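Q: A structural model of the following input is requested.
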Amino acid sequence: MAVTESAPVAPTTTHEGVLRRQSARESAARTYARSLPIVPVRARGLTIEGADGRRYLDCLSGAGTLALGHNHPVVLDAIRTVLDSEAPLHVLDLATPVKDAFVTELFRSLPGDLASRARVQFCGPAGTDAVEAALKLVRRATGRQTVLTFTGAYHGMSAGALEVSGGATETRAARLPYPQDYRCPFGIGGESGAALASRLTESYLTDPKSGIPDPAGMILEPVQGEGGVHPAPDNWLRRMRELTREHGIPLIADEVQTGVGRTGAFWAVEHSGVVPDVMVLSKAIGGSLPLAVIVYHEDLDVWEPGAHAGTFRGNQLAMAAGTATLAYVREHGLARRAADLGARMLGHLRALAVAYPWVGDVRGRGLMLGVELVDPDGARPEPSAPPPAAPLRAAAVRRECLRRGLIVELGGRHSAVVRLLPPLTITDEQVSAVLDRFAEALAAVHRDLPA
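A: Below is the predicted model:
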């Protein structure tokens, strides 16, 4: 969708001045701003217009937040309706008609076996706080402390969320292998690799000398996003549900990035038919505004009043925008469309990979796609192992994409996976434009490689 014309954009000098002041005044912890030196001033759908007058196709989508793209009319209308109604914008956790409508629409979208006996807790406005709430919930409900988590996981940046993420240094979590085909921890991939991962998990849970205390919960991502776009095999996920149920371990599904149609189902756990005990939700559920909740089985609802709170958990504008987004995705079948468009993009990207030996793997589910770049001439621990990751090459592809007006981001263990997260509203024509620009970026990087 093209950006509508309005007032002229600020001159390039404004663009450069804003970037210069940002560099001088913001912290060294800033991330996206380092690799995307743009100053957005207007946006609609897939398109962002910068202060320098350039237009970009945004395949980052707020790290998966913008299910409907930028400034979708139904989202803007929902926000305006609340503003025009003179409703209070800050209500802590009081009941309001806006909140009631959001919870009703949210419960309508949940897996049936959960929705019929669910409770919802509104958290601080970021997904990482919802992860904290989920960990606190299962520890309180079970009286246990250890949480099972997986290699490559990313659950947020607060202390508890980092404990159960892949880069933790101090932790009350026990790490298990997350199955993947390309860099299988057992060196075999496929269903056999996933079966071994399941068997190892079962062994830890049944071996009294495994060194893992009885767990309070298991947390997993149905598709690891920041970890490199690894969809969980359906049979493996079903086995994790069986094992957690057999051992009385609450299963937590982190759907912060995978939810609201992103993977081709409304919730990614639905691909495998799994119903978790707890779902962690944020990003797209706020319709582009900050909102985070956990939804969990009522049997876990043993908290005392105030056990988890937050000043901004009653974000009325986000709830209105979220209701509009959830309803629009449901009513317009956008999850099914994400599945169809994702399959088309995946096929095209895999065809491109044939031409470039340094494109090691292409994978994804729905409109959550990843292209892992490698050094085919690099040293391997054994001949059958995949080539080492090539983060500098991935960074070069990202730069070439940006030069062509395409915004992508990197992920994976070594930041060597180019990630594409377009909005679910992307058109067929825009899909072609994204693929064309990505192909041009690959070709440009290939030309610059040493002979």
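Q: make it CA atoms for all contacts and neighbour counts henceforth
A: Noted.
Q: how much space separates His266 from Tyr328?
A: Residue 266: Phe, not His. 12 Å (C-alpha to C-alpha, to the nearest Å).
Q: likewise Thr128?
A: Taken as C-alpha to C-alpha, the span from Thr128 to Tyr328 is 26 Å.
Q: counting neighbours, go ahead and name the busier of these two.
A: A direct count of neighbours by other C-alpha atoms under 10 Å for Thr128 and Tyr328 places Thr128 higher, at 25 against 16.
Q: give me the mean pLDDT for the strand or helix carrying the more buried one.
A: Assigned by DSSP states H and E, Thr128 belongs to helix 127-142. Mean pLDDT, helix 127-142: 94.
Q: output it as PDB, nothing but the C-alphas.
A: C-alpha atoms of helix 127-142 as PDB (Å, rounded to 0.1, in the frame of the first residue of the first chain):
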ATOM      1  CA  GLY A 127       6.600  -9.000  26.500                       C
ATOM      2  CA  THR A 128       9.500  -9.500  28.900                       C
ATOM      3  CA  ASP A 129       7.300  -8.600  31.900                       C
ATOM      4  CA  ALA A 130       4.700 -11.100  30.700                       C
ATOM      5  CA  VAL A 131       7.500 -13.800  30.700                       C
ATOM      6  CA  GLU A 132       8.400 -12.700  34.300                       C
ATOM      7  CA  ALA A 133       4.700 -13.100  35.200                       C
ATOM      8  CA  ALA A 134       4.500 -16.600  33.700                       C
ATOM      9  CA  LEU A 135       7.600 -17.700  35.500                       C
ATOM     10  CA  LYS A 136       6.300 -16.300  38.800                       C
ATOM     11  CA  LEU A 137       2.900 -17.900  38.200                       C
ATOM     12  CA  VAL A 138       4.200 -21.500  37.700                       C
ATOM     13  CA  ARG A 139       6.700 -21.200  40.600                       C
ATOM     14  CA  ARG A 140       4.000 -20.000  42.900                       C
ATOM     15  CA  ALA A 141       1.500 -22.700  41.700                       C
ATOM     16  CA  THR A 142       3.900 -25.600  41.900                       C
END
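Q: helix or strand next in line after it, which one?
A: Using DSSP H and E, the helix or strand that follows helix 127-142 towards the C-terminus is strand 147-150.
Q: parallel or antiparallel, which strands does that next one pair with?
A: In the sheet, strand 147-150 lines up against strand 173-176 (parallel), strand 217-220 (parallel) (DSSP bridges).
Q: ok, whichever helix or strand comes after the last one: who's next to it in the sheet?
A: With elements assigned by DSSP H and E, the helix or strand that comes after strand 217-220 is strand 223-224. According to DSSP bridges, strand 223-224 has the following sheet partners: strand 230-231 (antiparallel).
Q: show residues contacting the strand it pairs with.
A: Counting by C-alpha atoms under 8 Å, 6 or more residues apart in numbering, the neighbours of strand 230-231 from elsewhere in the structure are Gln180, Pro222, Val223, Gln224, Arg363, Gly364, Arg365.
Q: what sits against the first one?
A: Going by C-alpha under 8 Å, 6+ apart, Gln180 touches Gly189, Gly190, Gly193, Ala194, His230, Pro231, Ala232.
Q: can you check the fourth one too?
A: By C-alpha under 8 Å, 6+ apart, the contact list for Gln224 reads Gly152, Ala153, Tyr154, His230, Pro231, Ala232.
Q: ok, back up a step: out of the contacts of strand 230-231, flag the one nearest to Leu334.
A: Among the contacts of strand 230-231, Arg365 lies closest to Leu334 (C-alpha to C-alpha), at 14.0 Å.
Q: surely that closest one touches Gly342?
A: Yes: under the criterion of C-alpha atoms under 8 Å, Arg365 makes contact with Gly342 at 6.7 Å.
Q: what do these two both touch?
A: With C-alpha under 8 Å, 6+ apart as the test, Arg365 and Gly342 both reach Gly264.
Q: so where's the chain shaky on pLDDT?
A: 1-13, 162, 168-171, 451 (pLDDT under 70).
Q: mind listing the helices for it?
A: In the chain, the helices defined using DSSP state H lie at 12-25, 32-35, 61-64, 73-84, 97-109, 112-115, 127-142, 159-163, 190-206, 234-246, 316-331, 334-355, 391-403, 428-448.
Q: now do Phe312 against Trp303, distance only.
A: 20 Å.
Q: so between these two, which is more surrounded?
A: Using other C-alpha under 10 Å as the criterion, Phe312 and Trp303 rank with Phe312 on top: 17 against 12.
Q: who's the closest spatial neighbour of the residue sitting nearest the centre point of the chain, skipping the chain neighbours?
A: A centroid search over the chain (C-alpha atoms, centre = their mean) returns Gln257, at 2.4 Å, as the residue closest to the centre. Using C-alpha to C-alpha, 6 or more residues apart in numbering and skipping the chain neighbours, the partner closest in space to Gln257 is Gly64 (5.7 Å).
Q: tally of neighbours for that neighbour?
A: Around Gly64 there are 27 residues (other C-alpha under 10 Å).
Q: ok, Ser165 next?
A: Close neighbours of Ser165, defined as other C-alpha under 10 Å, add up to 25.
Q: how about it, what does it touch?
A: Shown in contact with Ser165 (C-alpha under 8 Å, 6+ apart): Thr149, Phe150, Thr151, Gly152, Ala153, Tyr154, His155, Gly156.
Q: of those, just say which sits nearest to Pro213.
A: Thr149 (13.5 Å).
Q: my read is that Gly127 contacts Gly156, right?
A: Yes: Gly127 lies in contact with Gly156 (C-alpha under 8 Å); the separation is 6.9 Å.
Q: who's more crowded, these two?
A: It is Gly127, of Gly127 and Gly156, that has more neighbours when counted by other C-alpha under 10 Å, with 28 against 20.
Q: how much space separates the more buried one from Gly287?
A: 14 Å.
Q: next: Val280.
A: For Val280 relative to Gly287 (C-alpha to C-alpha), the value is 16 Å.
Q: show me which of the two is the more surrounded one.
A: Neighbour count, other C-alpha under 10 Å: between Val280 and Gly287, Gly287 has more, with 32 against 28.
Q: from Leu220, how far out is the closest residue to Leu369 other than its chain neighbours?
A: Distances taken as C-alpha to C-alpha, 6+ apart put Leu420 closest to Leu369, at 5.2 Å, once the chain neighbours are dropped. Distance from Leu420 to Leu220, counting by C-alpha to C-alpha: 21 Å.
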